[in-house]
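**Q** Please work out how this folds:
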Amino acid sequence: RSARRSGGFAASSALKDELENDMLQDIEGMKGAANSFLMTLRKDNQNLKNIQDTQDSSLQKVTQETQKGKQMMRSGQIGFMCTMVMLIVSVVIFFMMIPFIIFT
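**A** Take a look at the predicted model:
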């Protein structure tokens, strides 16, 4: 009877060890996946920071050009002749587009 118990205990211990090993492997796999996600998130955060920096610099350039345009409008540098030249160029481009629209 005690041989049966010790045999059952050994089998139980072996199953316990096997279960622990399986759980350890699963935990290692989850740890690897978590580290992979962490690296991906770090790369994504760096890319987002680069995009934000690019957008900030572009916004700053647009703001500067807008201010420059407002100053030109206020100072009168865009005079009557410049406005007329822009109007004529716009009309010419418009009439050049009409055949393209008709033939397509």
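
**Q** so where is the chain shaky, pLDDT-wise?
**A** 1-10, 75-78 (pLDDT under 70).

**Q** which residues in the protein form helices?
**A** 2-75, 80-103 (DSSP state H).

**Q** Now mean neighbour count too, for the ones you listed, in TSV please.
**A** The way it works is simple: take the backbone N, C-alpha and C, and place the C-beta from them, glycine included. Putting the helices of the chain into TSV (neighbours: other CB atoms under 10 Å) gives the following:
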stretch	mean neighbour count
helix 2-75	10
helix 80-103	9
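
**Q** ok, now how distant is M86 from A14?
**A** Note on M86: its distance to A14, by CB to CB, to the nearest Å, is 89 Å.

**Q** Mind telling me which residue is nearest the centre of the protein?
**A** L48 (5.5 Å; CA atoms, centre = their mean).

**Q** Quick check: the gap between it and D56.
**A** Applying CB to CB to L48 and D56 gives a distance of 12 Å.

**Q** just the CA coordinates of stretch 51-69, formatted as CSV?
**A** Backbone C-alpha positions of stretch 51-69 (Å, rounded to 0.1, in the frame of the first residue of the first chain) are rendered in CSV as follows:
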residue,chain,number,x,y,z
ILE,A,51,5.5,64.0,-36.8
GLN,A,52,4.6,66.5,-34.1
ASP,A,53,7.9,68.3,-34.5
THR,A,54,7.3,68.5,-38.3
GLN,A,55,3.8,69.8,-37.9
ASP,A,56,5.0,72.4,-35.4
SER,A,57,7.7,73.7,-37.7
SER,A,58,5.2,73.7,-40.7
LEU,A,59,2.7,75.6,-38.6
GLN,A,60,5.3,78.1,-37.6
LYS,A,61,6.3,78.6,-41.3
VAL,A,62,2.7,79.1,-42.3
THR,A,63,2.1,81.6,-39.6
GLN,A,64,5.2,83.5,-40.6
GLU,A,65,4.1,83.6,-44.3
THR,A,66,0.6,84.7,-43.2
GLN,A,67,2.1,87.5,-41.3
LYS,A,68,4.3,88.4,-44.2
GLY,A,69,1.3,88.5,-46.5
